[in-house]
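Peer 1: curious how this folds, go ahead:
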Amino acid sequence: CKSATAWAINNGLANASQKKKSNGTSSQSKSYINAANELGAQYVGGAIFKSQLDLGHPLTYGYHDSTLPIFKRGSLALDFNTNPYSMPLKYRTKPLISGYISNPNHKYMQNSAAAVISGLGRGRVISFVDNPNFRGFWLGTNKLFANAIFFGSTISGSTVSTSNNVKSSLQNEMHGHTH
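Peer 2: Below you'll find the predicted structure:
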């Protein structure tokens, strides 16, 4: 999902933006022997994060608790969007429940969107930061994926994130204008 989400963003299909990560560069020289440990510590191989759900959103139908543990793999994080209704899942402050994540990554992933709903033409692009079906063993999030399939078309167009560039190019195509 993280690569599909990044691909959708990079190709203008999803209106979301990846959070900017501080590059952490320093003019200070470091010992090569420590590189594997220091750089490896930034990899997120798997941790459990607490997400906040919007229980009134079609993506969260069937959930009764406003928090949901999500299996987090990788360091993709999305900025909060300009449309507050387009983010039915969010990571808030201190989302780590269990597992290892470096302090810089933990800080980076706080207060980020865990899912963003974008409009594309008359359809919806539902971008999950983390795979809700990861290896079929984290069953609590499978319902999110099913809801995306079965109820995605019921999400109101006024509650999705839209890009003016995508919107105008689609309108031009629909009206027969090409550039």
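Peer 1: using CSV, write out every CA atom in stretch 71-78.
Peer 2: Output of stretch 71-78 as CSV, limited to C-alpha atoms (Å, rounded to 0.1, in the frame of the first residue of the first chain):
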residue,chain,number,x,y,z
PHE,A,71,0.1,-2.6,11.9
LYS,A,72,2.6,0.0,10.6
ARG,A,73,5.3,-1.0,8.3
GLY,A,74,7.5,1.5,6.6
SER,A,75,7.9,5.2,7.2
LEU,A,76,5.4,6.8,4.8
ALA,A,77,3.4,9.6,6.5
LEU,A,78,0.9,11.9,4.9
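Peer 1: tell me the secondary structure of residue 29, please.
Peer 2: coil (DSSP: H, G, I helix; E, B strand; the rest coil).
Peer 1: shaky segments in this protein?
Peer 2: 1-2, 18-19, 21-27, 34-45, 136-137, 163-179 (pLDDT under 70).
Peer 1: strands along that one, start to end?
Peer 2: 47-53, 67-72, 89-99, 112-120, 123-128 (DSSP state E).
Peer 1: need those in CSV (columns: distance to residue 158 and mean neighbour count).
Peer 2: Every residue, glycine included, has its C-beta placed from N, CA and C. Converted to CSV, these look like this (distance: least, CB to CB, whole Å; neighbours: other CB atoms under 10 Å):
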stretch, distance to residue 158, mean neighbour count
strand 47-53, 20, 19
strand 67-72, 25, 20
strand 89-99, 19, 16
strand 112-120, 9, 25
strand 123-128, 12, 22
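Peer 1: residue nearest the centroid of the chain?
Peer 2: The centroid of the chain falls nearest to residue 129 when counting by CA atoms, centre = their mean (2.9 Å).
Peer 1: what does it show for phi and psi?
Peer 2: As for residue 129, its main-chain torsions (degrees, to the nearest 10) stand at phi -70, psi -40.
Peer 1: I'd say it and residue 87 touch.
Peer 2: No: Residue 129 is beyond contact range of residue 87, at 10.5 Å (criterion: CB atoms under 8 Å).
Peer 1: what do the two both touch?
Peer 2: Shared contacts of residue 129 and residue 87, defined by CB atoms under 8 Å, 6 or more residues apart in numbering, are found at 113-115.
Peer 1: ok, those vs residue 49, which is closest?
Peer 2: Closest approach between these and residue 49, by CB to CB: residue 114, at 7.8 Å.
Peer 1: ok, for residue 5, nearest residue in space, not its chain neighbours?
Peer 2: Nearest non-adjacent residue to residue 5, counting by CB to CB, 6 or more residues apart in numbering: residue 127, 4.5 Å away.
Peer 1: surely the one you found is in contact with residue 6?
Peer 2: No: in this structure, residue 127 is not within contact of residue 6 by CB under 8 Å, at 9.2 Å.
Peer 1: tell me where this protein has helices.
Peer 2: Under the criterion DSSP state H, helices of the chain are mapped to 2-10, 35-40, 103-109, 142-151, 164-174.
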